[in-house]
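S.K.: got a sequence here, can you model it:
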Amino acid sequence: MKKQGGVTLIELMIVVVIVGIITSIAVPAYSDHVIKGKIAQGVAALSESKVRMEQVFNSERTYKCDLDFSPVFQDAPFDVAVSNCSSTTFTMTATGQSAKGMNGYTYTINQSGEKTSKTPAVAATQSCWLMSKGATSC
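M.R.: Modelled structure (predicted):
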């Protein structure tokens, strides 16, 4: 018998199955990691925006409802809005942008530092910032 060189079809199929299994594990883990990074970026921008509001309050003894936070959120996958704003109160809300894969993520903070969050993984708003895609409690 002549010795055959090369790869058989069975060997090739085994390699394809192994690559498929590894991919099915790696891709979801990678996407969870990316979302976790986007969440961290959004809450960092929200925290910085609260600090800016407090700086204005310390110097002018009133919160400014019309501050521009777009530079803080320029690269973040969230949009920010200020509500419940008066001279002594405010609530800032960061809402995830659908175009950047953050649909359903909402984070808030008020003048007292009280934080809430809502993600696609939870049915009710949590009284803390959920920091990962699958987190259901703090």
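S.K.: can you give me the strands for the protein?
M.R.: Assigned by DSSP state E, the strands in the chain fall at 78-83, 91-96, 106-110, 115-118.
S.K.: what's the distance between the first one and the middle of its chain?
M.R.: In other words, strand 78-83. 14 Å (Cα atoms, centre = their mean, to the nearest Å).
S.K.: how about the nearest residue to the residue most central in space within the chain, chain neighbours excluded?
M.R.: When Cα atoms, centre = their mean is applied to the chain, the residue found nearest the centroid is Ile39 (2.1 Å). Spatial nearest neighbour of Ile39, chain neighbours left out: Met131 (5.7 Å); criterion: Cβ to Cβ, 6 or more residues apart in numbering. In short, each C-beta sits where N, CA and C put it, glycine included.
S.K.: ok, that neighbour - contacts?
M.R.: 36, 39-40, 43 (Cβ atoms under 8 Å, 6 or more residues apart in numbering).
S.K.: please redo it, this time with the cut-off set to 7 Å
M.R.: Met131 sits next to 36, 39-40 when contact means Cβ atoms under 7 Å, 6 or more residues apart in numbering.
S.K.: distance of it from Lys38?
M.R.: 11 Å (Cβ to Cβ, to the nearest Å).
S.K.: same check, this time on Gly20
M.R.: Applying Cβ to Cβ to Gly20 and Lys38 gives a distance of 28 Å.
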